[in-house]
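Trainee: Mind folding the following:
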Amino acid sequence: LWTEAAELGSIEALNSLGGTYYSGNGVQQDKAKGVEFWTKAAMQGRDQSRYNLGCLEGQQRNYNRAVRHLLISAKMGNNDSLETIKKMFMNGLATDEQYAQALKGYQEALEEMKSHDSDEAKTLL
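Mentor: Okay, the predicted model is just below:
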């Protein structure tokens, strides 16, 4: 079903397929295929896929690439990305400027979500 949903344009399905293939959960494990699905979902705006790519880059010691992925995801409101950048900063793997950017972007994303929810609630009243 995920494959069909992904073909129909579901970025959540792309993200799920990425995890399925990367872990080999229910399919033959194919990490490259998993990364390919996560990349497609990330390019279409799925923050969790971007977070996953950032973590993979960090595991491979590509810290600059990891921070770039995590910054994008944090600015989309992904708390895991913010926390990971914080840990990287504390371990000297990210700069204070990068952590500040992530924190500011994360807070702005939360404010935008609150504003959107507030606007939506007003239309229902």
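
Trainee: Only C-alpha atoms from now on, for both contacts and neighbour counts.
Mentor: Will do.

Trainee: After the worst-scoring helix or strand of the chain on mean pLDDT, which helix or strand is next?
Mentor: Using mean pLDDT, DSSP states H and E, helix 2-7 stands out as the lowest-scoring helix or strand of the chain, at a mean of 70. With elements assigned by DSSP states H and E, the helix or strand that comes after helix 2-7 is helix 11-23.

Trainee: can you pull the buried residues of that following helix?
Mentor: Buried residues in helix 11-23, counted by 16 or more other C-alpha atoms under 10 Å: Ile11, Glu12, Ala13, Leu14, Asn15, Ser16, Leu17, Gly18, Gly19, Thr20, Tyr21, Tyr22.

Trainee: From Phe89, how far off is the fifth one?
Mentor: The reference is to Asn15. For Asn15, the distance to Phe89 equals 27 Å [C-alpha to C-alpha, to the nearest Å].

Trainee: same deal with the third one?
Mentor: As defined by C-alpha to C-alpha, Ala13 lies at a distance of 32 Å from Phe89.

Trainee: cool, the fourth one as well?
Mentor: When C-alpha to C-alpha is the yardstick, Leu14 and Phe89 sit 30 Å from each other.

Trainee: likewise Glu111?
Mentor: Between Glu111 and Phe89 the computed distance is 24 Å (C-alpha to C-alpha).

Trainee: more crowded one of the two?
Mentor: More neighbours surround Phe89 than the other of Glu111 and Phe89, with 18 against 13 (other C-alpha atoms under 10 Å).

Trainee: Hmm, that one is touching Glu97, no?
Mentor: No: the pair Phe89 / Glu97 is not scored as a contact, 9.4 Å apart, by C-alpha atoms under 8 Å.

Trainee: Overlap of the contact sets of these two?
Mentor: Listed contacts common to Phe89 and Glu97 are nil; contacts here mean C-alpha atoms under 8 Å, 6 or more residues apart in numbering.
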